[in-house]
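# sequence and predicted structure, then a few things I'm wondering about:
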Amino acid sequence: MSRLAAVATVALVGTANAFTVPQNSLVASRASPLFMSDTGPDGKPVERGVSMDQDGKSNVWAIEPKMEIENKSSEEKTGGALIAVGGLAAFAAIAAGVLSNLPDPDQF
């Protein structure tokens, strides 16, 4: 019984600090507020989606991703559609063959 008590004591002592704030003060880096003069390494303005006004209130907004232009021709699109339709037809034919050849469950 004393061995069980010792194991329980070690377990309780080990978890005593599990939900407390760590004592070492590691400073997490925070994004600085966006000012009108912020520029990137290439001289262009930086879009970060966060700003801070003169009263210290912060504002966060979404930055839309750049639009991508599709460069496929209509022939490539048609070829892809034909392959998809052919695959669907092959799947339907195989499924119909398997389902029509199942044994009768009333036989067993």
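Perfect, thanks for sending it.
# C-alpha from now on. contacts and neighbour counts both.
Will do.
# longest helix anywhere in this structure?
Ranked by residue count under DSSP state H, the longest helix found in the chain is helix 74-100.
# now find how far off-centre that one is within its chain.
Averaged C-alpha coordinates place helix 74-100 at 32 Å from its chain's average position (C-alpha atoms, centre = their mean, to the nearest Å).
# same thing with stretch 44-56?
Going by C-alpha atoms, centre = their mean, where stretch 44-56 is centred and where its chain is centred differ by 25 Å.
# distance between the ends of it?
Distances were taken as C-alpha to C-alpha, to the nearest Å; on that basis the terminal residues of stretch 44-56 are 25 Å apart.
# mean confidence score for that stretch?
For stretch 44-56, the mean per-residue pLDDT is 76.
# burial of residue 3, as a residue count?
If you count neighbours by other C-alpha atoms under 10 Å, residue 3 ends up with 8.
# that should have said residue 64, apologies.
Using other C-alpha under 10 Å as the criterion, residue 64 is surrounded by 7 other residues.
# state the distance from it to residue 48.
Using C-alpha to C-alpha, we find residue 64 at a distance of 11 Å from residue 48.
# equivalent analysis for residue 88, please.
Applying C-alpha to C-alpha to residue 88 and residue 48 gives a distance of 45 Å.
# settle it for me: which of these two has more neighbours?
Neighbours per residue, other C-alpha under 10 Å: of residue 88 and residue 48, the larger number sits with residue 48, 14 against 11.
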